[in-house]
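Student: model the following, please.
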Amino acid sequence: MKRLIIILAALAITAALQAQGMYQRPSDAGHPVSPAVPEYIVFAGDTIRFDTDEKYERMDRELMAFTYMHSTSLLMLKRS
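Tutor: Residues are numbered from 1 along each chain as shown. A predicted model of the protein is given here:
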């Protein structure tokens with residue numbers, strides 16, 4: 001149940017960021033870029049800050065997963 005809530009929250013956040021134009025579009029060369037992680041979001045009345053590395057990396061991974069659906073490849077490239 002907790003995992004389902006996290007997935008739904010990530011979907012809602014991704015949709016909100018796309019609607020507000022807070023993510024980067026792929027360049028003209030067609031290379032995917034990592035979506036920008038905001039400093040904070042307000043979800044269900046709670047402010048969630050991404051000030052710790054753990055929260056930032058988790059949100060970064062979820063944004064990539066729901067934006068491009070090949071997050072493992074991008075994470076491996078980012079970490080190398």
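
Student: what residue ranges in the chain score low on pLDDT?
Tutor: Low-confidence segments of the chain, defined by pLDDT under 70: 19-32, 68-74.

Student: just want the most central residue of it.
Tutor: Among the residues of the chain, the one closest to the centroid is Leu63, at 2.0 Å (CA atoms, centre = their mean).

Student: just give the nearest non-adjacent residue to it, would you?
Tutor: Spatial nearest neighbour of Leu63, chain neighbours left out: Pro35 (4.3 Å); criterion: CB to CB, 6 or more residues apart in numbering. Glycine gets a C-beta too; all of them are placed from N, C-alpha and C.

Student: in the chain, spot the helix with the most residues.
Tutor: helix 2-20 (DSSP state H).

Student: after that helix, which helix or strand is next? Please name it.
Tutor: For helix 2-20, the following helix or strand on the C-terminal side (DSSP states H and E) is strand 40-43.

Student: which helices and strands sit right next to that next one?
Tutor: helix 2-20, strand 46-49 (3 or more CB pairs under 8 Å, 6 or more residues apart in numbering; DSSP states H and E).

Student: change it to 6 Å
Tutor: Under the contact definition 3 or more CB pairs under 6 Å, 6 or more residues apart in numbering; DSSP states H and E, strand 40-43 sits against strand 46-49.
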